[in-house]
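Q: quick one, what's the 3D model for this:
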Amino acid sequence: MVSIQNLSFSYRKKPVFNGLNLSFQAGHVYGLLGKNGTGKSSLLRNIAGLLFPQKGTISVNGFTPGDRLPIFLQDVFMVPEEFYLPDIPVPDFIRSYVPFYPRFNSDKFRDYMAVFEIPSDSTLQNMSYGQKKKVLISFALASNAKLLLMDEPTNGLDIMSKSQLRKILAQALDEERCIIISTHQVKDLENLIDRITVIDDGKILFDQNVEDISRKLSFRFAIDEADLADALYSESSLAGNVIVTPSREEEETRLDLELLYKAIVTNSSKITKLFHP
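A: Next up, the predicted model:
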């Protein structure tokens, strides 16, 4: 669905990517993780055709995003971290933007709004930032675009809204749709993402599916000093030391995305060797 080859991109004299290679396939929810300023948002905007690479190519379903062809745009929807919605009633907003997405499903939109507990006849002017974001997410999912790009979607959402978001994203995924989520709030979407890509300083540090991660890495409390000595990453908590270690005899433990991210950033070479011996 998305193929990125030898991508180079910079803001004037500030390089962001240099020779980046990456691919995303339909039927998956990708977690694009990294610190603020590492290039996550820039990558999403390049994929959406809102920014243009200096070198390399991006292909989305056979189209070049920068060409901004209508047949490409109707199949891509980006939910940015910062956005503007006009101060109009939601029904007017829908009527204005639905023509750009010919597969838009009005019934699904109302269903998503109901999950988010927002009346579909509300006025955007009277909504908080979080409520407006939920309207935009509902529209994005109801558009039936095959590629959904989401930049920090849980920012501005309360605890219940984050749970509602996980529910509707799980409902919306199918074999023809690819969802790429850029976030540094990894706990919010931990049970939804099925492939992890970590970007740091414009480079791919890690790119693996959750099944392989759970099979090759163990996330647990340290039993003794020997456990700590073998840890790829450890941190103290009230209950003791939490560690990330290589799995023993292919054991599977519950994935902890926050611990995984910290382990990758602080000890990427050893973790990479586990997946690419």
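Q: which ones are touching residue 190?
A: Contact partners of residue 190, counting by Cβ atoms under 8 Å, 6 or more residues apart in numbering, are 255-257. Any C-beta I mention is one placed from the backbone N, CA and C, and that applies to glycine too.
Q: how about the helices in this protein?
A: 40-48, 70-73, 90-97, 106-115, 129-142, 159-172, 210-216, 225-230, 257-266, 268-275 (DSSP state H).
Q: just among the contacts of residue 190, which is most surrounded?
A: Ranked by the number of neighbours (other Cβ atoms under 10 Å), the contacts of residue 190 place residue 257 first, at 22 neighbours.
Q: that one against residue 194, yeah?
A: No: contact criterion Cβ atoms under 8 Å: residue 257 and residue 194 do not qualify, at 11.7 Å.
Q: still on that earlier bit, can you redo the helices of the chain as TSV with mean pLDDT?
A: Formatted as TSV, the helices of the chain follow (pLDDT from 0 to 100):
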stretch	mean pLDDT
helix 40-48	95
helix 70-73	96
helix 90-97	94
helix 106-115	93
helix 129-142	94
helix 159-172	89
helix 210-216	89
helix 225-230	82
helix 257-266	90
helix 268-275	88
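Q: for the ones you listed, which one sits closest to residue 33?
A: helix 257-266 (5.4 Å; Cβ to Cβ).
Q: what is the closest one packed up against?
A: In terms of contacts (3 or more Cβ pairs under 8 Å, 6 or more residues apart in numbering; DSSP states H and E), helix 257-266 is packed against strand 29-33, strand 195-200, strand 203-209, strand 217-221, strand 233-237, strand 240-246.
Q: so which bits of it are buried?
A: Buried residues in helix 257-266, counted by 16 or more other Cβ atoms under 10 Å: 257-265.
Q: got it, and stretch 268-277?
A: For stretch 268-277, the neighbour count (16+ other Cβ under 10 Å) marks 268, 271 as buried.
Q: contact partners for residue 254?
A: 214, 219.
Q: can you start the count at 39 instead of 1 from here on
A: Taking 39 as the first residue, the last one we looked at is residue 292.
Q: what's around residue 244, how many residues?
A: 20.
Q: I'd guessed residue 279 sits against residue 260; true?
A: Yes: here residue 279 lies in contact with residue 260, judged by Cβ under 8 Å, at a distance of 4.2 Å.
Q: mutual contacts of these two, please.
A: In contact with both residue 279 and residue 260: 266, 269, 272, using Cβ under 8 Å, 6+ apart.
Q: mind listing the residues bridging to the spatially most central residue of the chain?
A: The centre of the chain sits closest to residue 219, judged by Cα atoms, centre = their mean, with a distance of 1.1 Å. Beta-bridge pairing for residue 219 (DSSP bridges): residue 69, residue 188.
Q: how about residue 48?
A: Those that pair with residue 48 in a beta bridge, by DSSP bridges, are residue 53.
Q: next one: residue 235
A: Assessed by DSSP bridges, residue 235 has beta-bridge partners residue 70, residue 245.
Q: so who does it touch?
A: Residue 235 touches 60, 68-71, 242, 244-245, counting by Cβ under 8 Å, 6+ apart.
Q: kindly report the same for residue 54.
A: Residue 54 touches 47-48, 77, 80, 240, counting by Cβ under 8 Å, 6+ apart.
Q: now residue 158. Nearest residue, chain neighbours left out?
A: Excluding the flanking residues, the one nearest residue 158 by Cβ to Cβ, 6 or more residues apart in numbering is residue 151, at 4.7 Å.
Q: ok, the one you found - contacts?
A: Residue 151 neighbours (Cβ under 8 Å, 6+ apart): 128, 157-158, 172-173, 176.
Q: out of those residues, which is nearest to residue 145?
A: residue 158 (10.7 Å).
Q: about what we covered before: any chance of the contacts of residue 228 in JSON lines, with distance to residue 212 too?
A: Putting these into JSON lines (distance: Cβ to Cβ, whole Å) gives the following:
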{"residue": "293", "distance to residue 212": "23"}
{"residue": "294", "distance to residue 212": "28"}
{"residue": "295", "distance to residue 212": "23"}
